[in-house]
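J.: Kindly generate the corresponding structure for this input.
(2 chains)
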2 protein chains.
Amino acid sequence: MTRLLFALTVTLLSFVALRPIPQNRKDTRPNIVLIVADDHGREALGCYGNPVIKTPHLDQLAAEGTRFTNAFCTTASCSPSRSVLLTGLHNHANGMYGLEHREHHFDSFDAVQSLPVLLEKAGYQTVRVGKFHVAPERVYHFQNVLQAGGTNDPASIGRSPVAMADLCYPLFSDASDKPFFLYFATDDPHRSNAVALDGSPVFMSDKPNLFGNRPGGYPQVHDVFYQPFQVVVPPYLPNTRATRMELAQYYESISRLDQGVERLVALLKETGHYDNTLIVYLSDNGAPFPGSKTTLYEPGMRLPLIVKLPKPQKPGFVQDAMVSWVDLTPTLLDFAGVSIDQPVFQGRSFKAIIEQERVTGWNEVYGSHSLHEVTMYYPMRVLRERRYKLIFNLAHALPFPMALDLYHSFTWQDVLQKNRNLFGKRTVEAYLHRPRFELYDLQTDPDEVKNLANDSRYRAELKRMQEKLKRFQQETKDVWVSKWEFE
Amino acid sequence: MTRLLFALTVTLLSFVALRPIPQNRKDTRPNIVLIVADDHGREALGCYGNPVIKTPHLDQLAAEGTRFTNAFCTTASCSPSRSVLLTGLHNHANGMYGLEHREHHFDSFDAVQSLPVLLEKAGYQTVRVGKFHVAPERVYHFQNVLQAGGTNDPASIGRSPVAMADLCYPLFSDASDKPFFLYFATDDPHRSNAVALDGSPVFMSDKPNLFGNRPGGYPQVHDVFYQPFQVVVPPYLPNTRATRMELAQYYESISRLDQGVERLVALLKETGHYDNTLIVYLSDNGAPFPGSKTTLYEPGMRLPLIVKLPKPQKPGFVQDAMVSWVDLTPTLLDFAGVSIDQPVFQGRSFKAIIEQERVTGWNEVYGSHSLHEVTMYYPMRVLRERRYKLIFNLAHALPFPMALDLYHSFTWQDVLQKNRNLFGKRTVEAYLHRPRFELYDLQTDPDEVKNLANDSRYRAELKRMQEKLKRFQQETKDVWVSKWEFE
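T.: Residues are numbered from 1 along each chain as shown, chains lettered A, B, ... in the order given. Next comes the predicted model:
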């Protein structure tokens, strides 16, 4: 019965959608669609080299647009990362130091002017659907909320990306004179947790997490299943049955998400918007596994970024400029023709270089992580250059705190229970107890295993990067800059 | 000229005030005046045994009312402590984990029902004057704000306690049928700091802080000066010229505050309210010196509490029941005849025992400190019994973080510059680097110098108290309870 209903809806939608919508807008500025995936690491995407996972529609988007190979979040934690995306400010400057929900309770300063608010002022219709996870609402205000999601809600629309896309149809088919900014944020492929009556999470540490997958699937989604033996275990994870079982579920969640992108693109095309819409696909942070999410190691911060220009000149272009999520708000405002005094933002627009070859001046990014859960105080600052990377662990005397969902993951618990020394290429000990500074040569050590901070041959490199990092903190009004002196 | 104006105002006010206000209220519930001093340690009060400081009006209040000798804040940090006072919940349960202002930016959960809101619902007029420092306003809403203060504002009314009291006159002389709840919060005797144009503090570490004292003084206040040789240096502070110079300034600030209490009481008497008003005097936390404020050592958490009942039966009574600031909201609601399901609060009303001799069942308090400034993550939990005290330093691997104003204090800088090993009776090293557990026998070691946590003779005591402390965390929904397991 339910299936029949779905089929009917699809047919009906196709029928409605096939009527071309007249596009006679006076305001010719592009629509902007920002797709934010939840915990989608770049190692789990076809167009980023994974030969197993099925992401044909994201791959197609990359084939039509530009794929960035050096795109980074600035903090590998959901709420803070989204706050950076939507403000052009590091979390230490916008106030969103950690997670927004429940007892974590972080939110941004009232004085912050966010992307949707600035776009609304500039005449855009601003609409969001799916996961929000930033606060307060008045700072991150969108004019229209199609349906809110959230990984803590088992019935969240964010697990149903095709249905999410369908919700956008009225926006696309509306004959408004205004261009739109659509913020499309899925819950996929975040881990899914059972939730107790009081809203607290319930973990099952001896089984793979389901990443939102469920028997019967989701409306209009055809499930893509993976077998543990098929998946590609990245170097930062242990090659165990537990990890493989979890990765298989993770892939399935990503293939579902891919179909949401398929539907979204289809509806944009059917309503005649596709050639006047900027589409950006990215993730808030890396995969929800220890070694990635909540860390500033490469798997946590180096992420997918696909940009489909309204009218691409170089379909399938691969851009290796180093950009970060703090650049996103300035970039999207640039597309909207909004000019804001540059000093307001801590990033800068990369609009001009998207399809440019041999870009100069985009050779480093900075990152700033403060907390994740409120009990997970572990501020880190990072300078990522092409070759070297410096991580400053401000509270290094503490054990590295584990997010509850990662701690209870089958992948991690399996390692603990079997008393393994290694987690991926790192020792468990090194993962949990970190030095004040970590300096890596990514050219010779892409997996960030060999810390050069105490190697006298790298003393000059270390000093140079420490000075840059400290200057970054001073210039971006980072109160944690005091820790250079005091701790 | 200014002096003339003051004199005129005083005369005028006296004239107006001397007309008796008819008190024919139908609602006979008592008015409530809650006076909250800022950083007033109990060692700097005449009625608590200091033979030098001049606090005649606070002493008089104690002589007419009840003086508590075992009253404790639950966290020695301004905003969190006030949040506890005004909610009956520990800061870890109300969300106010640290300071409210500037980049610290903590605030309470929207679902929290605060004392002023509950009293307003119960038919009280709710009015505040002076320092607020909690957020959001909608949670801590007062119907009327006479004038807001705050130690970061050099022109704050909170430094002018007599003028603050005068502002309350219209409230006292109003013929309203409703009783009032007046929240009277001074900035005295907090340290005063010069503030730069962007609002950031400017410190002078080589001179005594002025604690709000200024040439020319404040309206209607007669300055009481102290000489460094006169002051009483408490055991937790080094007996140095720097400390003494700072204490002299601190005392002056407290004698100013005392005059605010004088005026407030005078106006309550003149308007006929005194015998139907509950007056509570207390401080948010201990003195603004290292070793006290931001710590859970005795000077930081054991505080003055003077309760003047509407009609005292035992003037000058000394009560040794152990109470804490989490008990205050239930107690004041009890006076207002408001019945709330007890489980809402984490404290309990001590109304019934105020003048009771040989009280039973009030022999312990719990405390919970999370952060002060946002960079000062150092959660501690404490169980304070009559004899033993257990402090659990959850992030003990970190150096104990110093509040900016305490770090830059002349008292502390003098110790650093002279390379002294001792700060009061503790070593500087012990003050900055603390073990996971601190267990003190206050009977033999009132200055908390000898940690017994690793002494095998106290193993049973330690275990017993650890279990109680953990249970407290579980029962009060403390998310940091996870640290027993994970760190």
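
J.: How is chain A partitioned into domains?
T.: As assigned by automatic domain parsing, chain A contains the domains A:27-352, A:380-486.

J.: Show me what the mean pLDDT comes to for the last one.
T.: Per-residue pLDDT values across domain A:380-486 average out to 96.

J.: Count residues in the vicinity of the residue in the stretch 201-350 of chain A that chain B sits nearest to, would you?
T.: The minimum distance from the stretch 201-350 of chain A to chain B, using C-beta to the nearest C-beta, falls at A:P201 (11.9 Å). Just so you know, the C-beta spots here come from the backbone N, C-alpha and C atoms, and that holds for glycine as well. Close neighbours of A:P201, defined as other C-beta atoms under 10 Å in any protein chain shown, add up to 16.

J.: mind listing the strands in the stretch 51-200 of chain A by residue range?
T.: Using DSSP state E, counting those that start in this stretch, the strands of the stretch 51-200 of chain A run over A:66-72, A:125-130, A:144-148, A:180-185, A:194-195.

J.: Now the closest residue to chain B within the stretch 151-300 of chain A: phi and psi?
T.: Closest approach between the stretch 151-300 of chain A and chain B, counting by C-beta to the nearest C-beta: A:D198, at 9.1 Å. Main-chain dihedrals, A:D198, degrees, to the nearest 10: phi -80, psi 10.

J.: what do you get for the one 10 residues further on?
T.: Its backbone dihedrals place A:P208 at phi -70, psi 140, with angles given as degrees, to the nearest 10.

J.: so who does it touch?
T.: Shown in contact with A:P208 (C-beta atoms under 8 Å, 6 or more residues apart in numbering or on different chains): A:A242, A:M245, A:E246, A:A248, A:Q249, A:F410.

J.: for A:P312, same thing?
T.: A:P312 touches A:E64, A:G65, A:T66, A:E355, counting by C-beta under 8 Å, 6+ apart.

J.: How about the first one: what's its closest non-neighbour residue?
T.: Spelled out, that is A:E64. Nearest residue to A:E64, sequence neighbours excluded (C-beta to C-beta, 6 or more residues apart in numbering or on different chains): A:P315, at 5.0 Å.

J.: Assumed that neighbour was part of a strand.
T.: No - counting by DSSP: H, G, I helix; E, B strand; the rest coil, A:P315 is not found in a strand; it is coil.

J.: Test for you: state the pLDDT assigned to it.
T.: pLDDT recorded at A:P315 is 98.

J.: What is the burial count for it?
T.: A:P315, neighbours per other C-beta under 10 Å, totals 13.

J.: got it, and A:R29?
T.: Neighbour tally, A:R29, other C-beta under 10 Å: 19.

J.: shouldn't the residue of the stretch 201-350 of chain A closest to chain B be in contact with A:D405?
T.: Yes - using C-beta atoms under 8 Å, A:P201 is in contact with A:D405, at 7.0 Å.

J.: what do the two both touch?
T.: With C-beta under 8 Å, 6+ apart as the test, A:P201 and A:D405 both reach A:N193.

J.: Which of the three states applies to the closest residue to A:F410 other than its chain neighbours?
T.: In space, and not counting its chain neighbours, A:F410 is closest to A:A242: 4.6 Å by C-beta to C-beta, 6+ apart. Following three-state DSSP, A:A242 is assigned to helix.

J.: Pretty sure A:A242 sits against A:D414.
T.: Yes - using C-beta under 8 Å, A:A242 makes contact with A:D414 at a distance of 3.7 Å.

J.: Which one of the two is surrounded by more residues?
T.: A:A242 (23 against 19).

J.: got the contact list for that one?
T.: A:P208, A:F410, A:T411, A:Q413, A:D414, A:V415.

J.: Keep only those of those that are in helices.
T.: In helices, defined here by DSSP state H, the members of these are A:F410, A:T411, A:Q413, A:D414, A:V415.

J.: of those residues, closest to chain B?
T.: Distance ranking of these against chain B, using C-beta to the nearest C-beta, places A:Q413 first at 13.2 Å.

J.: got the contact list for the residue nearest to the closest one when sequence neighbours are not counted?
T.: Setting aside the residues directly before and after it, A:Q413 is nearest to A:S205 in space (C-beta to C-beta, 6+ apart), at 4.1 Å. Remark: with contacts taken as C-beta under 8 Å, 6+ apart, A:S205 is in contact with A:H408, A:S409, A:F410, A:Q413.

J.: So for stretch A:56-73, mean pLDDT?
T.: pLDDT averaged over stretch A:56-73 gives 98.

J.: Would you mind measuring the gap between the ends of it?
T.: Distance between the two ends of stretch A:56-73: 24 Å, counting by C-alpha to C-alpha, to the nearest Å.

J.: Could you pull out the buried residues of that stretch?
T.: A:57-68, A:70-73 (16 or more other C-beta atoms under 10 Å in any protein chain shown).

J.: Would you mind finding the most buried of the domains of chain A?
T.: domain A:27-352 (a mean of 21; mean count of other C-beta atoms under 10 Å in any protein chain shown).

J.: distance between that domain and the chain's centre?
T.: Taking C-alpha atoms, centre = their mean, to the nearest Å, the mean C-alpha location of domain A:27-352 is offset from the chain mean by 5 Å.

J.: So which residues on the stretch 1-150 of chain A come close to chain B?
T.: Contact residues (C-beta under 8 Å from any C-beta of the partner chain) of the stretch 1-150 of chain A with chain B: A:H92, A:G95, A:Y97, A:E103, A:H105, A:D107, A:F109.

J.: 6 Å - rerun?
T.: Within the stretch 1-150 of chain A, the residues that sit near chain B (C-beta under 6 Å from any C-beta of the partner chain) are A:G95, A:E103, A:H105.

J.: circling back: got a markdown table for the domains of chain A, with distance to B:P51 too?
T.: What follows is the domains of chain A, written out as a markdown table (distance: least, C-beta to C-beta, whole Å):
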| stretch | distance to B:P51 |
| --- | --- |
| domain A:27-352 | 46 |
| domain A:380-486 | 38 |
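
J.: Of the ones you listed, which is nearest B:R25?
T.: Closest of these to B:R25 is domain A:27-352, at 40.0 Å (criterion: C-beta to C-beta).

J.: quick revisit: any idea which of the contacts of A:P208 is closest to B:Y458?
T.: Nearest member of those to B:Y458, counting by C-beta to C-beta, is A:F410, at 41.3 Å.

J.: gap between that closest one and B:G424?
T.: 51 Å (C-beta to C-beta, to the nearest Å).

J.: now do A:Y183
T.: For A:Y183, the distance to B:G424 - C-beta to C-beta - is 55 Å.

J.: got it, and A:V233?
T.: From A:V233 to B:G424 the distance is 56 Å (C-beta to C-beta).

J.: what do you get for A:S368?
T.: A:S368 is 37 Å from B:G424, by C-beta to C-beta.

J.: ditto for A:G286
T.: Distance of A:G286 to B:G424, computed by C-beta to C-beta: 48 Å.

J.: Verify the contact between the residue nearest to A:E64 and A:G65 for me.
T.: No - look at A:P315 against A:G65 with C-beta atoms under 6 Å: they stay out of range, at 7.0 Å.
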